[in-house]
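**Student:** Sequence first, then the predicted structure:
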Amino acid sequence: MSHLPTAIVLLPLLGFLVNGLAGNRLGPRFVSVVGCGLPIAAFALAVMGLLDLRGAAWTPRIDEVYSWLVIGDNRFDVAFYLDRLSVVMALIVTGVGSLIHVYSTGYMKDDKSYARYFAYLNLFLFFMLLLVLGRSMLVLFVGWEGVGLASYLLIGFWFEDPDKARAGKKAFITNRIGDAGFLLGMFVLYEAFGTLDMDRINVAFLAGTPGVSATLVGILLFIGASGKSAQIPLHVWLPDAMAGPTPVSALIHAATMVTAGVYLVARMSGIYVNAPEASAVIAAIGAATAFFAATIAVVQTDIKKVLAYSTISQLGFMFVAAGVGAYGVSVFHLYTHAFFKACLFLGAGSVIHAMSGEQDIRKMGGLARKIPVTFATFVLATAAIAGIPPLAGFFSKDEILWFAFGSSRGGSGLLYATMATTALLTSFYMFRLVWLTFFGRSRVAPGAEHHIHESPLSMTSVLVVLAILSAIGGFLSIPHFLEPQLPLPGIVPALEHYETPLLVVSILLALAGLAGAAYVYGGDASRANRLAARFKTLHRVLSGKYYVDEAYEALIGRPLLWISDRVFLRIGDRALFDGTLHGFAALGRSAAAGFARVQSGNLHLYALLVLIGIVASIALGWRHV
Amino acid sequence: MIDTLLLWLFAGTALVAAAMMLVLRHPMRVALALAATMLSLAGVYALLGVHAIAIFQVLIYVGAVMVFMVYAIMLLDVRDRSFTGRFSWLLVPGVVAAVAFLAVLAHGVWRGLPEPVASAAGAHSAVSSFGIQRFSLEFLNEYWLHFELVSVLLVAAVVAALAVLEVGRRNRG
Amino acid sequence: MLISLSAVLFALGLLGVIVRRNVLVMLMCMELMLNAVNLSLVTFAQQTATAAGAVLVLLVFVVATAEIAIAIPIVLLLVKRKDVLDLGLYNDLKG
């Protein structure tokens, strides 16, 4: 029992090795059984871990595996840590992960790299579990990098297409930029405490003055978190990551990997509790990201891109919650978001599957009757994300809005207003997506129209399960469950009585979004076109995603390329290094040529040289005679 | 007394003939100058009392070596360019180096050795040492190994000469 | 004095090798060098009254003979190739 976390972590690794090495030879059926069975087994073990913790009165379990590095006085161990937070994360990762694995057996059925896909997916699960179960920040970082690697491999899964491969590279590199901050934070922590074990660091911070600036560490770690969780300014990789297979988008870029940043902040709550400035920064960036991403999502025309920007926006919500001290609430939103976003992405995958690969929602419409199960689950999940009670999203989002308004650790009216507007936009663009995809007159290209069919059972069953979870998941109060470990901040006393009115406002926002979307996009969508014509510039800016990518390219990409080419390549490498080497060679050659002139073939010269040599040797030797 | 005079005479002749060697244009004249040098040196040897060597000098050097050289000179073209341009391009550096060489040797000779000028006074005592009979006895008793080795060298020379002859014959067709 | 003469003759011989262009003259200057050495050997033999010097002179005679016996045919063959006696024009071994 004490090695349970190790078992949970190692099962997907086993799946990766088996499928990666032997999958092609053993056939798709074997690959599916191994690839799905092992994550399901891991989920079962995680449930056992939960029960085991409950039996032990929730004292955290530490599973020391082995001593990894011993350098002088410094010791780095590999150990796993099972407490309330990590068991929740492990359940989400293995549970939603297993469901997505099962979905993938249907979605990727005809792909020629079936075994490689499942190998990578299991590899991802292994690293994610390392991340959430690791005790030391070093183990977490190994998992952190590993999920980045798995993300790169899976985004660029169809690597023969250079655009897709480039998207994978972009994701990895943007992650790495954030990791620089993460590493610096780790260095500062290690310098101060001599250990990277997160539980011990938290205790040290909560106990009193730790001798290191909590704000500094907090901001450094948040830089890493924003790289992984796609916050401004490192959000640019997530929309491009939609180039990967849709189940990958669901698992990695909605439910689990992108939430690693939120997990990190929640886990290191001991630091952030003592760093109000850093928390304020987190809240501000989270709010800004949420708002901007929502505005972009309103005009996107690719079904997956809408969901991608929606993910960025929802992650902003989670960070706002963390920024005002309500870590349990951010994890709660993480948990509900995993359900409905995975359901939405998988539903989108189902739509794409039905449309034989079409992803542009302008070419969809009227699909509701043709793919009913997909439609029903998609609408349910949309309602959840919009925050319509009593679905899961309503509970988590309302909690966030409430704490954004009234938390004694950073709540403010402005923050609330921003998040409320974003919630309205969320509801609006999600229902826009529903209307354009499923309702109205069909705008489907004639050739694809008669291919439209419902997805196989492997896919629809998962959609149904996730939709049900999106519906009832909110009743499991995660903040309450995590409270002993992650206490909720107090509410400003003067604002306490606003709780119920704000609750009503949340519901109204969700319904307003629904109504707005129905009005603008219902019928024949002509009102939408008129609106777009009226606000042409705004529409252009939003469609261009605020031209962030272009700005990066112009401000960073091109100058770097220029420096690399002009300075380092031409001057440094060619002129200096090659020039020096060639110069040495030329020097040797010219010296040799000079020396070779002594051998002129002229006997007179030789004789003279002999004479000179004799004279010299005698002259030099006379003193010894 | 006359021995000293003759010694100086022979030595002077050798020197002058050697100097002429460097200056004369026609190789045949150079050969004759060399022969004169050798004969003068033979005279010096004889005056020093080393008669065996003097005789061998004349027999071998003048009689064989110089004759061979004269023969070779006669075989070669008179109208060669080296007649007009006697000296190579290293004339000045050569003279300078030779003077330096002499200076160094002179410095060494005059510094080190207590030099009794070879006089004919020692000649008579040398006669007893270097008489043919005594010389040859000592030669073959003490230095027979050198003698044998040198004869090997001569055999090698003969073989080489035959080889050269062969090459020459092949070249001629 | 004879030693000095020997040294001067040797220097003259070496100078001749450096200075003169005709290949046969160069050979003869080399003979002059050998003679100078013989002179110094004989002088030493006479001064120390040993036979070693004289024996060495005899050996030098033999060596000189052997040498000239080979050198001249070689020169003849060489000259037959190029038809010039000027050694300054022979630079086939250049480089």
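**Tutor:** Sure, I can see it. This one's a predicted model, so the numbers in the text were calculated from it and none came from an experiment. Numbering: from 1, shown residues only, chains lettered A, B, ... in the order given.
**Student:** Identify each buried residue in the helix ranked longest in chain C, please.
**Tutor:** Identified as the longest helix of chain C according to DSSP state H is helix C:52-82. In terms of neighbour count (16 or more other Cβ atoms under 10 Å in any protein chain shown), helix C:52-82 has its buried residues at C:53-62, C:64-73, C:75, C:79. Bear in mind the C-beta positions are built from the backbone N, C-alpha and C, glycine included.
**Student:** So which other helices or strands are in contact with that helix?
**Tutor:** helix B:51-56, helix B:67-75, helix B:132-142, helix B:144-172, helix C:23-48 (3 or more Cβ pairs under 8 Å, 6 or more residues apart in numbering or on different chains; DSSP states H and E).
**Student:** please redo it, this time with the cut-off set to 6 Å
**Tutor:** helix B:51-56, helix B:144-172, helix C:23-48 (3 or more Cβ pairs under 6 Å, 6 or more residues apart in numbering or on different chains; DSSP states H and E).
**Student:** Can you say which of the ones you listed is packed in most?
**Tutor:** Counting by mean count of other Cβ atoms under 10 Å in any protein chain shown, helix C:23-48 has the highest mean neighbour count of these, with a mean of 23.
**Student:** Next, the angle helix B:67-75 makes with that one.
**Tutor:** 170 degrees (axes from the mean of the first three to the mean of the last three Cα atoms, to 10 degrees).
**Student:** So what's the gap between helix C:23-48 and the chain middle?
**Tutor:** For helix C:23-48, the distance from its own C-alpha centre to the chain's C-alpha centre is 7 Å (Cα atoms, centre = their mean, to the nearest Å).
**Student:** Can you check what angle separates it from helix C:52-82?
**Tutor:** Using the same axes, to 10 degrees: helix C:23-48 against helix C:52-82 is 180 degrees.
**Student:** Can I take it that A:Ile62 is in a strand?
**Tutor:** Yes: assessed with DSSP: H, G, I helix; E, B strand; the rest coil, A:Ile62 lies in a strand.
**Student:** That one pairs with what?
**Tutor:** A:Tyr81 (DSSP bridges).
**Student:** Up against chain C, what does chain A have?
**Tutor:** Within chain A, the positions adjacent to chain C are A:596, A:600-604, A:607-608, A:611 by Cβ under 6 Å from any Cβ of the partner chain.
**Student:** which of those residues come close to chain B?
**Tutor:** Answer for those near chain B (Cβ under 6 Å from any Cβ): A:604, A:608, A:611.
**Student:** so who does the last one touch?
**Tutor:** The contact partners of A:Leu611, taken as Cβ atoms under 6 Å, 6 or more residues apart in numbering or on different chains, are B:97, C:14.
**Student:** can you tell me the helix or strand for it?
**Tutor:** Using DSSP states H and E, A:Leu611 falls within helix A:603-621.
**Student:** what comes up buried for that helix?
**Tutor:** A:603-608, A:611-612, A:614-615, A:618.
**Student:** low pLDDT regions in chain C?
**Tutor:** C:95 (pLDDT under 70).
**Student:** okay, which residue is most central for chain C?
**Tutor:** Geometric centre of chain C, nearest residue: C:Met30, 2.0 Å, by Cα atoms, centre = their mean.
**Student:** cool, and chain A?
**Tutor:** A:Val258 (2.9 Å).
**Student:** Pretty sure that residue sits against A:Gln231.
**Tutor:** No: judged on Cβ atoms under 6 Å, A:Val258 makes no contact with A:Gln231 at a distance of 9.8 Å.
**Student:** Number of residues surrounding residue 111?
**Tutor:** Defaulting to chain A. 15 (other Cβ atoms under 10 Å in any protein chain shown).
**Student:** was after chain B, sorry
**Tutor:** 9.
**Student:** Kindly confirm my reading that it is in a strand.
**Tutor:** No: counting by three-state DSSP, B:Arg111 is not found in a strand; it is helix.
**Student:** Now for the closest residue to chain C within chain A: which residues touch it?
**Tutor:** Here the residue of chain A nearest chain C is A:Gly601; by Cβ to the nearest Cβ that distance is 3.4 Å. For A:Gly601, the contact set (Cβ under 6 Å, 6+ apart) comprises C:91, C:93-94.
**Student:** Give the phi and psi angles for it, as a check.
**Tutor:** phi 80, psi 0 (degrees, to the nearest 10).
**Student:** next one: A:Leu69
**Tutor:** According to degrees, to the nearest 10, A:Leu69 has phi -130, psi 140.
**Student:** Could you find the closest non-adjacent residue to it?
**Tutor:** Residue nearest to A:Leu69 in three dimensions, not counting chain neighbours: A:Phe76, with 4.3 Å by Cβ to Cβ, 6 or more residues apart in numbering or on different chains.
**Student:** Which single residue in chain B comes nearest to chain A?
**Tutor:** Counting by Cβ to the nearest Cβ, chain B gets nearest chain A through B:Ser88, at 4.3 Å.
**Student:** contacting residues around the closest residue to that residue other than its chain neighbours?
**Tutor:** In space, and not counting its chain neighbours, B:Ser88 is closest to A:His604: 4.3 Å by Cβ to Cβ, 6+ apart. The neighbourhood of A:His604, defined by Cβ under 6 Å, 6+ apart, consists of B:88, B:90, C:18.
**Student:** Could you say which helix or strand holds A:Trp158?
**Tutor:** Short version: A:Trp158 belongs to no helix or strand, going by DSSP H and E.
**Student:** From chain B, how far out is the closest residue to it other than its chain neighbours?
**Tutor:** Leaving aside its sequence neighbours, A:Trp158 sits nearest to A:Lys164 (Cβ to Cβ, 6+ apart; 5.2 Å). According to Cβ to the nearest Cβ, to the nearest Å, A:Lys164 and chain B sit 77 Å apart.
**Student:** which SSE is A:Lys164 in?
**Tutor:** Going by DSSP H and E, A:Lys164 is part of helix A:162-193.
**Student:** Could you report the pLDDT at the residue nearest the centre of chain B?
**Tutor:** Centroid check for chain B by Cα atoms, centre = their mean gives B:Met38 as the closest residue, at 5.5 Å. Note on B:Met38: pLDDT of 95.
**Student:** hang on, isn't it packed against B:Tyr61?
**Tutor:** Yes: counting by Cβ under 6 Å, B:Tyr61 is a contact partner of B:Met38 at 5.0 Å.
**Student:** circling back to that earlier point, contacting residues for the residue of chain B closest to chain A?
**Tutor:** A:604, C:19, C:21, C:88 are the contacts of B:Ser88 under Cβ under 6 Å, 6+ apart.
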